[in-house]
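>>> Need the 3D shape of this:
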Amino acid sequence: MKSRIAISHKNGSTLFYFDQLECNTKLNSFSCVIDEYNNYLYEEALRSQNDHIALTWLLCERKSKEIISYMSLIADAIKLSATEKELHNLNYPFKTIPAIKIAKLAVSQLAQIKYKGIGTYMIDKASGLARICNRQLLAARFLTVDADIEHDEGVLAFYQKNGFIPNVELLNKNRKTISMRKDIYQ
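All right, here's what the predicted structure looks like:
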């Protein structure tokens, strides 16, 4: 079996391009193992974008032009406990702190066979977009995600490996997701 290509900042921009979903984007090349995520991209992502609910970003191979990953980003705010605020040196009276949420993140089945690190690369792209927002548009201290443990129990470890920690204020053992955050500046 051929070994997977490890994706990094150095080779990522050579192998892929990153673009926002548009009404004429051909989506038929994308397929991941979670049907709900396929259905979102095919049936909901453009509508959510047109309704100003979520922006969907696509990672495409330069050679084939195929979509190998996507993520939808939305505005968010998270409630942190006093201890959690202290952890991030946030001595503010606000009950919530602004964030950008990764509402959906999916990698195609073919990309998972061919490449290693696509999910991490997408999180890095989300962090980059958040930093651009912070410099030019509005403030957001965190990236957040509701880790979908219903479809993949390993997703929690994936996000933790990428610097996310569970939000104590939103931790509930009966949920199908676990609310997590990553401080963009730590």
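>>> which residue sits closest to Phe16, ignoring its sequence neighbours?
Leaving out its chain neighbours, the residue that sits closest to Phe16 by Cβ to Cβ, 6 or more residues apart in numbering is Leu59, at 5.2 Å. For the C-beta atoms, the positions are set from N, CA and C on the backbone; glycine is no exception.
>>> In contact with that neighbour, which residues?
Neighbour list for Leu59: 16-18, 67-70, 118, 121-122, 125 [criterion: Cβ atoms under 8 Å, 6 or more residues apart in numbering].
>>> In strands only, show me those.
Residues of the contacts of Leu59 located in strands (DSSP state E): 16-18, 67-70.
>>> Same list, those residues, but as JSON lines with neighbour count please.
Below are the ones in strands among the contacts of Leu59 laid out as JSON lines (neighbours: other Cβ atoms under 10 Å):
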{"residue": "Phe16", "neighbour count": "22"}
{"residue": "Tyr17", "neighbour count": "13"}
{"residue": "Phe18", "neighbour count": "17"}
{"residue": "Ile67", "neighbour count": "23"}
{"residue": "Ile68", "neighbour count": "27"}
{"residue": "Ser69", "neighbour count": "25"}
{"residue": "Tyr70", "neighbour count": "25"}
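>>> Relative to Ile184, which of the residues you listed is nearest.
Nearest to Ile184 out of the ones in strands among the contacts of Leu59 is Phe18 (Cβ to Cβ; 17.8 Å).
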